[in-house]
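**Q** sequence first, predicted coordinates after that:
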Amino acid sequence: MSERIAKPYDDVPGTTVFDADRAHQGYHLNQFAMSLMKAGNREKFKIDESAYLNDWPMTEEQKQGVLTRDYNRMIASGGNIYFLAKIFSTDKISFQAAAATMTGVTEEAYKEMMINGGRSPVGNMYKKEGE
């Protein structure tokens, strides 16, 4: 893929916008994730994850993200959370549990944060707004 063009929303801390460039970057990663909607594919994946991933023309960064279940890494390499949900569903992990791993807190702490209005906007605005 060619060099990504800078976007006005690139300076929002902790936010990766899934735009056309990210869709292009993550196409094969997201198609792999969608393949897990079929029971036979889930079984093949569970038997030998590396072998199953090698059938997809993903980058090594994307494959390592899947193998380590690093959802932030997968998102940074073009993964869309709604496609990636097929991976944690295959692992029998809830969306809430997966999101907790992405924020670096326990599932219970994540649940409490969401019940109480979500994350604080402090430190999560455009960098230029903090100047």
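**A** Happy to help now that I have it.
**Q** give the buried residues for the helix or strand containing residue 33.
**A** Using DSSP states H and E, residue 33 sits in helix 27-35. Going by neighbour count (16 or more other CB atoms under 10 Å), the buried part of helix 27-35 is 28-30, 32-33, 35. For every residue, glycine as well, the C-beta is placed using N, CA and C.
**Q** if I look at residue 101, how far off is residue 87?
**A** Using CB to CB, to the nearest Å, residue 101 is found at 12 Å from residue 87.
**Q** what helices and strands are in contact with the helix or strand where residue 62 lies?
**A** In this assignment (DSSP H and E), residue 62 forms part of helix 60-67. Judged by 3 or more CB pairs under 8 Å, 6 or more residues apart in numbering; DSSP states H and E, the packing partners of helix 60-67 are helix 27-35, helix 49-54, helix 71-76.
**Q** does residue 25 touch residue 78 like I think?
**A** Yes: using CB atoms under 8 Å, residue 25 makes contact with residue 78 at a distance of 3.4 Å.
**Q** how far off centre is the helix holding residue 33?
**A** 12 Å (CA atoms, centre = their mean, to the nearest Å).
**Q** where's the residue nearest to residue 22 when sequence neighbours are not counted relative to residue 19, distance?
**A** Leaving aside its sequence neighbours, residue 22 sits nearest to residue 78 (CB to CB, 6 or more residues apart in numbering; 5.0 Å). According to CB to CB, residue 78 stands 10 Å off from residue 19.
**Q** who has more neighbours out of the two?
**A** Just comparing residue 78 and residue 19: by other CB atoms under 10 Å the higher neighbour count belongs to residue 78, 25 against 13.
**Q** tell me the secondary structure for the more buried one?
**A** The assignment at residue 78 comes out as coil when based on DSSP: H, G, I helix; E, B strand; the rest coil.
**Q** do the same with residue 10
**A** coil.
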